[in-house]
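Asks: Below is the structure, and that's it, no one-letter string:
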């Protein structure tokens with residue numbers, strides 16, 4: 001088993017925090033923002049002033065106004081709080097009451113947009129059977145959602161050159177892992193009735209579905225890795241739904257059905273350690289690119305998952321891009 005997996009209680013608290021943020025709770029919004037701002041030595045507090053939301057930043061080194069305000073504005077816009085009419089962002093040094101800079105603007109909800117990961121490509125020739133969902137829909141359906149798709153990456157505030165962004169997800173009821181965002185085409189919600197089962201396939205293969213006009217094969221990642229599988233491919237209930245991560249490598253694509261998609265995180269690649277047999281079971285070890293000790297997380301390798309010899313027997317069904 002992987003060491004120190006994200007607990008179910010932690011996931012529930014994370015989802016509850018997001019729900020409060022969508023309801024406009026200032027403390028919840030500040031907590032979520034600080035998970036990303038703190039690594040840049042910035043701390044935010046959020047309060048309501050009538051219909052105006054005031055984000056007060058404290059930073060020893062005062063950041064540039066325009067890029068940071070833009071990031072915060074896009075973040076708050078995605079919450080779509082109906083009573084919100086204006087956003088004020090101010091910045092001061094810790095321990096000082098003097099405001100170094102302040103910016104205020106009205107809120108125009110119609111400008112809100114969803115993240116690229118959760119949106120179909122605009123050139124899609126027809127609506128896919130397995131449709132991407134917005135964060136608001138995802139949360140309302142009580143699924144675990146992505147914090148970093150709510151809190152936009154601070155691209156204007158430089159991260160270490162060795163930093164890379166990863167998607168965290170669970171692949172069994174108690175195990176989580178990471179995948180590099182560069183290997184992910186899209187995150188989808190998939191309904192059991194959209195999957196066409198195919199006989200005489202490996203046990204981890206759930207079926208095929210229409211993905212932007214392509215035939216995409218869906219694999220239960222938990223079963224592929226030797227753990228407990230998802231329920232979407234089991235039984236005859238046609239109302240089952242689950243999450244799928246569409247990965248790509250060397251012109252091939254594959255859908256990985258997982259119990260939960262949790263978050264997007266940045267990690268320092270110089271901290272990636274080799275995976276060893278004393279930490280991971282034999283069924284999981286071949287698919288691990290490395291292990292991040294600080295976050296207690298294995299990093300899975302998309303090319304190895306696609307190159308699984310059990311799937312290569314049926315290599316023709318891996319979808320060309």
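Replies: Received, thanks. Small disclaimer: the values here were computed from a predicted structure and weren't measured.
Asks: what about the stretch 51-200 of the chain, any weak spots by pLDDT?
Replies: Along the stretch 51-200 of the chain, segments meeting pLDDT under 70 span 108-162.
Asks: again, only this time at 90
Replies: 60-85, 95-97, 105-165, 168-176, 182, 186-200 (pLDDT under 90).
Asks: Any figure for the gap between the residue of the chain most remote from its centre and residue 258?
Replies: What lies farthest from the middle of the chain is residue 98; by C-alpha atoms, centre = their mean that is 37.3 Å. Applying C-beta to C-beta, to the nearest Å, the value for residue 98 to residue 258 is 49 Å. Placement of C-beta: from N, CA and C, glycine included.
Asks: what's the domain layout of the chain?
Replies: Split into domains by automatic domain parsing, the chain comes to 8-111, 116-320.
Asks: which one of those is the most hemmed in?
Replies: Mean neighbour count (mean count of other C-beta atoms under 10 Å) peaks for domain 116-320 among the domains of the chain, with a mean of 18.
Asks: got a list of what the residue nearest to residue 86 when sequence neighbours are not counted touches?
Replies: Computed as C-beta to C-beta, 6 or more residues apart in numbering, the closest residue to residue 86 that is not its neighbour in sequence is residue 52, at 4.2 Å. The neighbourhood of residue 52, defined by C-beta atoms under 8 Å, 6 or more residues apart in numbering, consists of 84, 85, 86, 87, 88, 104.
Asks: Could you identify the pair within the residues you listed that is furthest apart?
Replies: Maximum pairwise distance in the contacts of residue 52, criterion C-beta to C-beta, is 12.8 Å, between 84 and 104.
Asks: Tell me the bridge partners for the residue lying closest to residue 295 once chain neighbours are set aside.
Replies: Among residues not flanking residue 295 along the chain, residue 267 sits closest, at 6.6 Å (C-beta to C-beta, 6+ apart). Residue 267 forms beta bridges with residue 164, as assigned by DSSP bridges.
Asks: wait, residue 267 sits on residue 167?
Replies: No: using C-beta atoms under 8 Å as the test, residue 267 is too far from residue 167 to be in contact (11.4 Å).
Asks: if I look at the two, which residues touch both of them?
Replies: Contact criterion C-beta under 8 Å, 6+ apart; residues shared by residue 267 and residue 167: residue 178.
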